Each structure stands twice: as structure tokens, then as C-alpha cells.
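S.K.: Next come a sequence and a model predicted from it.
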Amino acid sequence: MKTALITGGSRGIGKAIAQKLSEDCNVAVGYSNSKEKADEVVSLITAKGGNAISVHVDVTDHESIATCFENIENKFSVVDILVNNAGITKDNIFPRLKQEDWDEVINTNLTGSFRTTQRSIKGMMKNKWGRIIFISSVAGINGNTGQSNYAASKAGLIGLAKTISKELGSRNITSNVVAPGYIDTDMTSFLNDDQKEEIIGKLSIKRVGKPEDIANIVSFLCSDESEYITGQVFPVDGGLTI
Amino acid sequence: MEVNEIFEKVKNLFVDQLGIDTEKVNMEAKLEEDLDIDSLGIVEVVMAFEDEFEVVIDDDELKDVKTVGQAVNLLHSKL
């Protein structure tokens, strides 16, 4: 059985991905702050007969990542499937954006994914099989007002994913990007009803996305069936970006 | 560790991890030309060396390593 690590797996999109992948894989639910929520996800998975653990992982900290991977390797195996989902926002209109907010978002969303991916690659190369998923955003493709730091971090993931796909494809390691649009999670909970209606008006499919909409494609991209798909960006946005 | 002992371990790593024919691995064999190891393969070999011999190999040290023998000698100098 393959082993998957989902960073930021305790809620929202990460939680849905963890639950979906647990149908076929051992799952490590990565969390940085919310251990209780991560443990809840583990309980939901184990109640259905799946194998899961919660693991602390601060993607800004090499030591934390090293400990996280050691814990997973001790409990299950090397990480075969890495879902880089942990991310933060520090929004502000660009002329007012503080450098510290720029740095923090890049360090977590982009450099954090670099750190976890580099740590996971060794085991994947040895096994000659691996799946790396980067959870980007439509903001990384089109930009988004007030999110220059977030959009830059999410666009950076695309370049990273494409390069890894070129370097490691010969070892059966694929690297793909999923770019969610407006998904109903804590990260979009600040939107009021009027704003949500305005967003829905721009979509081909007239509803806000669900975390499960993302989990389903991630599950496919982590499977053997997707072995010929690499270096691609998949917007899952109800038609927002067309 | 003796050179012969290092060579045997190195040979096993090439055979086990990269699937190279055992009879092709000798001290004179060129990594790229004779063993058909690409740049990523070199990285794999180095990672395997680091695990097996518990050493750290810098990229700079690899510049002059073109043959199995040179790799064995590099490891010998570190052990």
C-alpha cells in the first residue's frame, strides 16, 4: 500500500484530499497548528477502516520536516505521494503590501513546497515511483487583486512542478499542479453572500466549489492510471478561468 | 576500509540500484559512456554512496569523477 503525506491536511481542501486518498493509501495528515483537527481527520479515516496518522509539519522549518518524514517512515513507509497543500494568505493591495507579508507567504507556500518535495524525492527515486501534487490556485494563473504575494507563490509552484516533471519523469515520478478556483473553505469564509453571488455569476457551473471537487482529481493524479500525465496544470474552478 | 572492499560495495550498488550488468562494472568503466548513467543516475549513485558509506559528498568533489575507479578512490579518501 502506498503512503501519502498531505501538508495542511487538517481542514478544507487538505482534509478532503486526506479522506479521499485514504481509500487506497496510508495517509499522513500534516498539520502545523491544529493537532485536534488533524486527529479528527484521522478518526474519520480510521472509522472507515483506513490507515492514518497525524504528523506535525511546519513547512518553513527543515527540522520539523525531517522529523515528520521520519515519523511517517517509522509508521508506514517512505512517502510515495506528496500533496503540497499547506498555504497561507496575507492579502493587501500591492502598493501597501509589507515585505514581511510577501516573505512569509513565499516562504510558506513556495519555499515550503520546495523543502517537503526535496525531502520526499530520495525515497521516490529509490522506489522508481512517485506522485507529487502542488495545490496552486487560479490566482497563480490569472493573478488576483490584493493577492500579489499569494499569486506569485502559487505561480512559482507551476514552474517548480514543470521542472521536476522534466528532471524526474524517467524515474516514474510525476509532478502536477491543481489550481482550485473558489472553494468553500475557511480560506474563503471571509466572503459575504453578495460577494459569493458575484463570484458564482462568473462561473460556468453555478456553485462555489467543494473541497471534494479538488480531492477527486488529486486522487486520480496520484494513481497508477495517471502515469502518463506530468508537468500539467489543472484548473478546477467551475469555468472561472475560461 | 580497503579499496577492494569499497569496490565490491560500489559494484553492488550499481547492480542493485541502477540495474547495471555486473560484468560491466570494473574500475576502468566510464560512468556515462560505458555504464550509460545519465546526470540523474549520477545523483542516485551519490545518494546511495552517502547512505551506504555514511559520508557526505559535495558537488565539487564529483567534477573529476568519471569512472568507477575514481568514485572508489574518492570514497577511499573519505573513509
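M.R.: The structure has been received and is ready for your questions.

S.K.: Distance-wise, check B:Leu40 relative to A:Ile88.
M.R.: 33 Å (C-beta to C-beta, to the nearest Å). Yep, even glycine has a C-beta here, placed from its N, CA and C like the rest.

S.K.: who's more crowded, those two?
M.R.: A:Ile88 (19 against 14; other C-beta atoms under 10 Å in any protein chain shown).

S.K.: Tell me the secondary structure at the more buried one.
M.R.: Judged by DSSP: H, G, I helix; E, B strand; the rest coil, the three-state class of A:Ile88 is coil.

S.K.: nearest residue to it other than its sequence neighbours?
M.R.: A:Thr108 (5.0 Å; C-beta to C-beta, 6 or more residues apart in numbering or on different chains).

S.K.: Quick check: that neighbour is in a helix.
M.R.: Yes - the assignment for A:Thr108 (three-state DSSP) places it in a helix.

S.K.: Now do the contacts for it.
M.R.: A:Val59, A:Thr60, A:Ala86, A:Gly87, A:Ile88, A:Ser153 (C-beta atoms under 8 Å, 6 or more residues apart in numbering or on different chains).

S.K.: ok, A:Ser137 to B:Glu54 distance?
M.R.: Going from A:Ser137 to B:Glu54 by C-beta to C-beta gives 42 Å.

S.K.: Can you report how many residues lie near the closest residue to A:Asp91 other than its chain neighbours?
M.R.: With C-beta to C-beta, 6+ apart as the criterion, A:Asp91 has its nearest non-adjacent residue at 4.6 Å, and that residue is A:Gly146. Using other C-beta under 10 Å, A:Gly146 has 15 other residues around it.

S.K.: swap in A:Glu40?
M.R.: If you count neighbours by other C-beta under 10 Å, A:Glu40 ends up with 16.

S.K.: And the residue nearest to A:Ile88, how close does it get to A:Glu70?
M.R.: With C-beta to C-beta as the criterion, A:Thr108 and A:Glu70 are 22 Å apart.

S.K.: Next one: A:Thr3 from A:Ala52, what distance?
M.R.: Noted for A:Thr3: a distance of 10 Å to A:Ala52, by C-beta to C-beta.

S.K.: Now do the shared contacts for these two.
M.R.: A:Asn26, A:Val27, A:Ala28.

S.K.: how deep is the first one tucked in, by neighbour count?
M.R.: For A:Asn26, the tally of surrounding residues (other C-beta under 10 Å) stands at 23.
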